[in-house]
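Participant: any chance you can model this:
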Amino acid sequence: MYGWDFSGSSNMKELKTLLETQFMIRRLKSDVLKQLPQKVRNIVVLNAENIKSRNQYMDDLERMMNDKSLKKAQVRGALLEYFHHTGDAKLPAICDYILNLLKEGKKFLVFAHHQKVIDGISEILENNKTHYIRIDGKTPSEERKDVCDQFQTEDMYRVAVLSICAANSGITLTAAKLVIFAELYWNPGILTQAEDRAHRIGQAETVTIQYLLAKSTADDYLWPLIQSKLNVLNKAGLSKDNFRDNSTTVLDHSTSPKQMSILDYLEDDNEELDEDDLKYLDEVEESDCKRRRKC
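Facilitator: Alright, predicted model coming up:
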């Protein structure tokens, strides 16, 4: 037998040992910043009654996702479209959840990916006469510090509406102790980096991270892909984050108990992604970035 075997990852313990002994020095935040409080994660399953009705196009996309006869490029395109339409479908439920948080008087960050979702969240805040800051790809770099300082120092600014891609690093927003992810993203490293906009030096209280997921949407496919990719990184010693540990809990706000897709992913040990699947996830991320640059 000769050539390369791309059937999946193997000898991960050996790879981890080689990386740590020969090439890599890792300093965990928990080791060097012991004064930081705990970070906990919640998976919030959105109320199904507030999810927009599925249309025929979304049904067709889901069938393509499960069609084994299609080429991976076709399935990749279907997932990208499905993800885009999932943002539209989740938006009413996302806004309803945010309005409930505003009634509780909480100050928080909310991350989203698609421009329409960011615009929808901003609109509901304006209609509610809530002061907020916004950072997305259109925000000039010279303005970012000013709006972050407003959020940090002025109590009237209660919400920071942030783009996952544009605001996952380089800013400090420790005035909030709650971080909401209205949408998912392909790269778990980007998600964990975005979480730490609030969980960093200067934070004095426990930070709660909430991922808002919707059943029977692209979240059913994205969440296990993200979990599996993070699992591979953990085994190689390249990440210490784990969305399935004891600090992660599920808050089911759904009113449709028969649909258990996301909860099933959380409860069961899914089969690890092979190399082709991980490459596929990276290609979807790249395709999405190219598409956004054209918009």
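Participant: what is the helix ranked longest in the chain packed up against?
Facilitator: As assigned by DSSP state H, the longest helix anywhere in the chain is helix 72-103. In terms of contacts (3 or more CB pairs under 8 Å, 6 or more residues apart in numbering; DSSP states H and E), helix 72-103 is packed against helix 56-65, strand 108-112, helix 115-127, strand 157-163, strand 178-181, strand 207-213, helix 219-235, helix 275-294. Glycine gets a C-beta too; all of them are placed from N, C-alpha and C.
Participant: what's the angle between it and strand 207-213?
Facilitator: For helix 72-103 against strand 207-213, the angle by axes from the mean of the first three to the mean of the last three CA atoms, to 10 degrees is 130 degrees.
Participant: tell me the buried residues in helix 72-103?
Facilitator: For helix 72-103, burial by neighbour count (16 or more other CB atoms under 10 Å) applies to 75-87, 89-95, 97-98, 101-102.
Participant: returning to what we had before: make CSV out of the helices and strands packed on helix 72-103 and add distance to H199.
Facilitator: Shown next, in CSV, are the helices and strands packed on helix 72-103 (distance: least, CB to CB, whole Å):
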stretch, distance to H199
helix 56-65, 34
strand 108-112, 11
helix 115-127, 21
strand 157-163, 14
strand 178-181, 8
strand 207-213, 4
helix 219-235, 17
helix 275-294, 24
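Participant: ok, which of those comes nearest N42?
Facilitator: N42 sits nearest to strand 207-213 of all those, at 4.6 Å, using CB to CB.
Participant: can you name the residues in contact with that closest one?
Facilitator: The contact list for strand 207-213 (CB atoms under 8 Å, 6 or more residues apart in numbering) reads 37-46, 90, 93-94, 97, 177-184, 195, 198-199, 219, 223, 251, 262.
Participant: PyMOL command to pick out the buried ones of the residues you listed?
Facilitator: Remark: buried members of those, expressed as a PyMOL selection using 16+ other CB under 10 Å:
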select buried, resi 39+41+42+43+44+45+46+90+93+94+97+177+178+179+180+181+182+183+184+195+198+199+219+223+262
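Participant: follow-up on the earlier one: distance from the longest helix of the chain to the middle of the chain?
Facilitator: Its chain's average C-alpha position is 11 Å from that of helix 72-103, according to CA atoms, centre = their mean, to the nearest Å.
Participant: now stretch 114-121
Facilitator: On CA atoms, centre = their mean, the centre of stretch 114-121 falls 15 Å from that of its chain.
Participant: before we move on, what about stretch 121-130?
Facilitator: Taking CA atoms, centre = their mean, one finds stretch 121-130 lying 22 Å from the centre of the chain it belongs to.
Participant: pLDDT of it, averaged?
Facilitator: What stretch 121-130 shows for mean pLDDT is 96.
Participant: and for stretch 146-164?
Facilitator: Rounded mean pLDDT across stretch 146-164 is 96.
Participant: so, low pLDDT: which residues of the stretch 1-150 of the chain?
Facilitator: Applying pLDDT under 70 to the stretch 1-150 of the chain flags the ranges 1-9, 16, 26-34, 53-54.
Participant: if you set the cut-off to 90 instead, what comes out?
Facilitator: The model of the stretch 1-150 of the chain has pLDDT under 90 over residues 1-42, 47-80, 105-106, 141-142.
Participant: how near is H85 to D59?
Facilitator: 11 Å (CB to CB, to the nearest Å).
Participant: hey, what's N42 bridged with?
Facilitator: Residues in a beta bridge with N42, per DSSP bridges, are Q210, T249.
Participant: could I get stretch 106-125 in CSV with only the CA atoms?
Facilitator: Coordinates of the C-alpha atoms in stretch 106-125 are reproduced here as CSV (Å, rounded to 0.1, in the frame of the first residue of the first chain):
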residue,chain,number,x,y,z
LYS,A,106,-29.6,43.1,31.3
LYS,A,107,-26.6,44.6,29.4
PHE,A,108,-25.3,42.2,26.8
LEU,A,109,-23.5,41.6,23.5
VAL,A,110,-25.3,40.0,20.6
PHE,A,111,-23.3,38.5,17.7
ALA,A,112,-24.8,37.7,14.2
HIS,A,113,-23.4,36.8,10.8
HIS,A,114,-25.8,37.9,8.1
GLN,A,115,-26.4,41.6,7.4
LYS,A,116,-30.2,41.1,7.4
VAL,A,117,-30.1,39.6,10.9
ILE,A,118,-27.9,42.4,12.2
ASP,A,119,-30.2,45.0,10.7
GLY,A,120,-33.3,43.2,12.1
ILE,A,121,-31.8,43.2,15.6
SER,A,122,-30.8,46.9,15.3
GLU,A,123,-34.3,47.8,14.2
ILE,A,124,-36.0,46.1,17.1
LEU,A,125,-33.7,47.9,19.5
